[in-house]
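A.B. asks: requesting a structural model of the entry that follows:
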Amino acid sequence: MISDLKAALSPIKRMPDEIIALIFEHCLPKRSPYNPGFAPFYCTRDATPPRLGLVCSSWRRIAHAHPRLWCNVDLSIYQSEEIFTNTLPRLLNWIHRSGSLPLTLTLRQ
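C.D. replies: Take a look at the predicted model:
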(Lines give C-alpha, C1' and ligand atoms only; values in the text may rest on other atoms or scores of the structure.)
Protein backbone atom coordinates (compact mmCIF):
# COMPACT_ATOMS: atom_id res chain seq x y z
CA MET A 1 0.00 0.00 0.00
CA ILE A 2 2.80 2.42 0.84
CA SER A 3 4.54 1.62 -2.45
CA ASP A 4 1.28 2.41 -4.30
CA LEU A 5 1.12 5.79 -2.58
CA LYS A 6 4.76 6.52 -3.41
CA ALA A 7 4.12 5.67 -7.06
CA ALA A 8 1.10 7.99 -7.14
CA LEU A 9 3.20 10.84 -5.74
CA SER A 10 6.06 10.29 -8.16
CA PRO A 11 7.11 13.50 -9.97
CA ILE A 12 6.57 11.87 -13.38
CA LYS A 13 2.93 11.21 -12.45
CA ARG A 14 2.41 14.91 -11.74
CA MET A 15 4.04 16.09 -14.98
CA PRO A 16 1.66 17.28 -17.72
CA ASP A 17 1.27 14.94 -20.70
CA GLU A 18 2.50 17.66 -23.06
CA ILE A 19 5.86 17.86 -21.24
CA ILE A 20 6.24 14.08 -21.26
CA ALA A 21 5.48 14.05 -25.00
CA LEU A 22 8.21 16.65 -25.59
CA ILE A 23 10.65 14.48 -23.65
CA PHE A 24 9.61 11.54 -25.83
CA GLU A 25 10.42 13.59 -28.94
CA HIS A 26 13.97 13.99 -27.67
CA CYS A 27 14.25 10.19 -27.50
CA LEU A 28 13.72 9.91 -31.26
CA PRO A 29 16.73 9.31 -33.50
CA LYS A 30 17.90 12.17 -35.70
CA ARG A 31 15.97 12.12 -38.98
CA SER A 32 18.27 13.95 -41.36
CA PRO A 33 20.62 11.81 -43.48
CA TYR A 34 22.81 14.92 -43.62
CA ASN A 35 23.32 14.68 -39.88
CA PRO A 36 26.40 12.55 -39.07
CA GLY A 37 24.45 11.05 -36.16
CA PHE A 38 21.64 9.81 -38.44
CA ALA A 39 20.04 6.60 -37.23
CA PRO A 40 17.39 4.72 -39.19
CA PHE A 41 13.96 4.75 -37.59
CA TYR A 42 12.42 1.46 -38.59
CA CYS A 43 8.72 0.71 -38.41
CA THR A 44 9.08 -2.13 -35.91
CA ARG A 45 8.13 -2.84 -32.33
CA ASP A 46 11.75 -2.08 -31.38
CA ALA A 47 11.54 1.49 -32.71
CA THR A 48 11.32 4.32 -30.20
CA PRO A 49 7.57 5.16 -30.13
CA PRO A 50 6.45 1.54 -29.60
CA ARG A 51 9.15 1.02 -26.95
CA LEU A 52 7.98 4.08 -25.03
CA GLY A 53 4.52 2.55 -25.01
CA LEU A 54 5.83 -0.60 -23.36
CA VAL A 55 6.85 1.21 -20.17
CA CYS A 56 3.36 1.67 -18.76
CA SER A 57 -0.20 2.40 -19.84
CA SER A 58 0.21 6.15 -19.19
CA TRP A 59 3.27 6.36 -21.45
CA ARG A 60 1.50 4.26 -24.10
CA ARG A 61 -1.50 6.61 -24.03
CA ILE A 62 0.75 9.67 -24.32
CA ALA A 63 2.90 8.19 -27.09
CA HIS A 64 -0.10 7.03 -29.13
CA ALA A 65 -1.76 10.44 -28.80
CA HIS A 66 1.30 12.46 -29.89
CA PRO A 67 1.46 12.53 -33.72
CA ARG A 68 4.95 14.00 -33.93
CA LEU A 69 6.35 10.71 -32.64
CA TRP A 70 4.86 8.84 -35.60
CA CYS A 71 5.41 11.08 -38.64
CA ASN A 72 8.81 9.67 -39.73
CA VAL A 73 9.11 6.09 -40.95
CA ASP A 74 12.09 4.27 -42.44
CA LEU A 75 10.60 1.09 -43.82
CA SER A 76 12.75 -1.88 -44.79
CA ILE A 77 11.06 -4.39 -47.08
CA TYR A 78 13.16 -7.49 -47.57
CA GLN A 79 10.60 -10.29 -47.95
CA SER A 80 7.53 -9.90 -50.12
CA GLU A 81 5.17 -11.93 -47.89
CA GLU A 82 6.32 -10.16 -44.72
CA ILE A 83 4.95 -6.85 -45.95
CA PHE A 84 1.40 -8.19 -45.66
CA THR A 85 1.76 -10.08 -42.39
CA ASN A 86 3.88 -7.69 -40.30
CA THR A 87 4.97 -4.52 -42.01
CA LEU A 88 1.73 -3.31 -43.59
CA PRO A 89 -0.35 -3.44 -40.37
CA ARG A 90 2.41 -1.59 -38.48
CA LEU A 91 2.70 0.99 -41.22
CA LEU A 92 -1.05 1.61 -41.19
CA ASN A 93 -0.92 2.13 -37.41
CA TRP A 94 1.95 4.61 -37.79
CA ILE A 95 0.09 6.52 -40.51
CA HIS A 96 -3.04 6.66 -38.34
CA ARG A 97 -1.06 7.84 -35.30
CA SER A 98 0.73 10.55 -37.29
CA GLY A 99 -2.66 12.27 -37.60
CA SER A 100 -2.77 15.21 -39.97
CA LEU A 101 1.00 15.83 -39.85
CA PRO A 102 3.01 15.28 -43.02
CA LEU A 103 4.47 11.78 -43.13
CA THR A 104 8.07 11.19 -44.18
CA LEU A 105 8.33 7.65 -45.54
CA THR A 106 11.63 6.13 -46.62
CA LEU A 107 11.49 2.72 -48.32
CA ARG A 108 14.54 0.46 -48.43
CA GLN A 109 15.23 -3.03 -49.71
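
A.B. asks: tell me where the chain has strands.
C.D. replies: Counting by DSSP state E, the chain has strands at residues 72-76, 104-108.

A.B. asks: just send these back as TSV, with mean pLDDT too.
C.D. replies: Formatted as TSV, the strands of the chain follow (pLDDT from 0 to 100):
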stretch	mean pLDDT
strand 72-76	75
strand 104-108	76
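
A.B. asks: mind giving me CSV with these and columns for mean neighbour count and distance to residue 27?
C.D. replies: The C-beta positions use only the backbone N, C-alpha and C, and glycine is treated the same way. Below are these laid out as CSV (neighbours: other Cβ atoms under 10 Å; distance: least, Cβ to Cβ, whole Å):
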stretch, mean neighbour count, distance to residue 27
strand 72-76, 19, 13
strand 104-108, 12, 18
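
A.B. asks: let me have those strands in TSV, extended by distance to residue 18.
C.D. replies: Converted to TSV, these look like this (distance: least, Cβ to Cβ, whole Å):
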stretch	distance to residue 18
strand 72-76	20
strand 104-108	23
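
A.B. asks: how about the ones you listed, which one is nearest residue 97?
C.D. replies: strand 72-76 (10.5 Å; Cβ to Cβ).

A.B. asks: just the pLDDT for residue 19.
C.D. replies: On the pLDDT scale, residue 19 is placed at 94.

A.B. asks: gap between it and residue 69?
C.D. replies: Remark: distance between residue 19 and residue 69 (Cβ to Cβ, to the nearest Å) = 14 Å.

A.B. asks: which one of these two has more residues nearby?
C.D. replies: With neighbours defined as other Cβ atoms under 10 Å, residue 19 and residue 69 compare such that residue 69 has more, 24 against 11.

A.B. asks: which residues does the residue lying closest to that one once chain neighbours are set aside contact?
C.D. replies: Nearest residue to residue 69, sequence neighbours excluded (Cβ to Cβ, 6 or more residues apart in numbering): residue 49, at 4.4 Å. Applying Cβ atoms under 8 Å, 6 or more residues apart in numbering to residue 49 gives the contacts 24, 28, 63, 69-70, 94, 97.

A.B. asks: flag every buried residue along stretch 14-32.
C.D. replies: Neighbour-count burial for stretch 14-32 flags 20-21, 24, 28 (criterion: 16 or more other Cβ atoms under 10 Å).
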